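1. I need the structure of the sequence given here:
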Amino acid sequence: MRTARTKTPFLSGVAALGALLVTSSQTFAAGIGQPVPWQMDRQVAVTENARDIHSFEHGMHWLSLGISLFVLGLILWCIFRFGEKRNPTPSKTTHNTAIEIAWTIVPVLILVAVAIPSFRLLRTQLSDPKADVMIKVIGHAWYWSYEYPQAEQGGGFTFDANLDEDKQPKLLATDNDMVVPVNKVVKIQVTSTDVLHSWALPSFGFKIDAITGRLNQAWFKADKEGTYHGQCSELCGQRHAYMPITVRVVSEEAYAQWLTEAKTKYARLDDGSKLADAR
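-> Now for the predicted structure:
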């Protein structure tokens, strides 16, 4: 006669937790080009700059964890070692030269170790490589405009990108997308016509402010085709939350075809976009 074994509540709970972790592993993973429900990490990086930022951030997390555990260990050791039962007559020592030198030098060394990769990352971000594509990004209340210059890059048109509430992902899709070629250095010159805005794209690893009367410049080089979403990241008024950014990264052939179609689809500028000089 077979007897049925009943699982204990503890084992049932462990099994349920394991099933939840297995089935939701993809849910907790970072999204590619857009956020996903219950996402626990940054969006997948598609530029070298974004990958460097993620590596730097992860390193800082591990460093912070190590420092926190070390401080916690010191606190627990002091509680255990210098409690009233073990140390009924407390020491009246007020200075310890070795300890004071150590807690001065060690933080300095930690800051130097943090500064080296930090400055290296800043140097990469502020470098000025030769541009393969130049695009002017203009912030309005509350939409973006993109100007492709008429020069040797084959542009000569401008278009607006407004929120398209019928597209997915919700509140992140636009009616017209900014299109760039893969594995090419793309420089963007960003400004505004009214209030402060900020052009931000998490998968590319940067954000840049759009300021009236000022032309800010940044660059990226996406190494993976796809559609990537961002949003205005500067509180800019009533419809700040409805100012999405969509960038499509396509092959060189698809980009050339899109340029041809865009010249017909969008109103052509009389003399082409005027952008600041850039190498």
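2. strands of the stretch 151-279 of the chain, start to end?
-> Per DSSP state E, counting those that start in this stretch, the stretch 151-279 of the chain carries strands over the ranges 157-161, 178-181, 186-192, 197-201, 206-210, 216-220, 226-232, 244-250.
3. select, out of the ones you listed, the one closest to Gln43.
-> strand 226-232 (8.2 Å; Cβ to Cβ). Placement of C-beta: from N, CA and C, glycine included.
4. can you tell me what sits against that closest one?
-> 32-34, 46, 139, 142, 169, 172-173, 177, 197-204, 207, 222, 240-241, 243-249 (Cβ atoms under 8 Å, 6 or more residues apart in numbering).
5. that older thread, most tightly packed of the strands of the stretch 151-279 of the chain?
-> Mean neighbour count (mean count of other Cβ atoms under 10 Å) peaks for strand 197-201 among these, with a mean of 24.
6. restricting to C-alpha, output that strand in PDB.
-> Taking only C-alpha atoms (Å, rounded to 0.1, in the frame of the first residue of the first chain), the coordinates of strand 197-201 have been written out as PDB:
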ATOM      1  CA  HIS A 197      14.600  70.200 -21.800                       C
ATOM      2  CA  SER A 198      16.900  67.200 -21.700                       C
ATOM      3  CA  TRP A 199      17.500  64.700 -24.400                       C
ATOM      4  CA  ALA A 200      18.100  61.400 -22.700                       C
ATOM      5  CA  LEU A 201      18.500  57.800 -24.000                       C
END
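7. direction included, what does that strand pair against?
-> Within its sheet, strand 197-201 is paired with strand 206-210 (antiparallel), strand 226-232 (antiparallel), according to DSSP bridges.
8. export those strands to JSON lines and tack on mean pLDDT and distance to Thr260?
-> Below are the strands paired with strand 197-201 laid out as JSON lines (pLDDT from 0 to 100; distance: least, Cβ to Cβ, whole Å):
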{"stretch": "strand 206-210", "mean pLDDT": "91", "distance to Thr260": "29"}
{"stretch": "strand 226-232", "mean pLDDT": "92", "distance to Thr260": "20"}
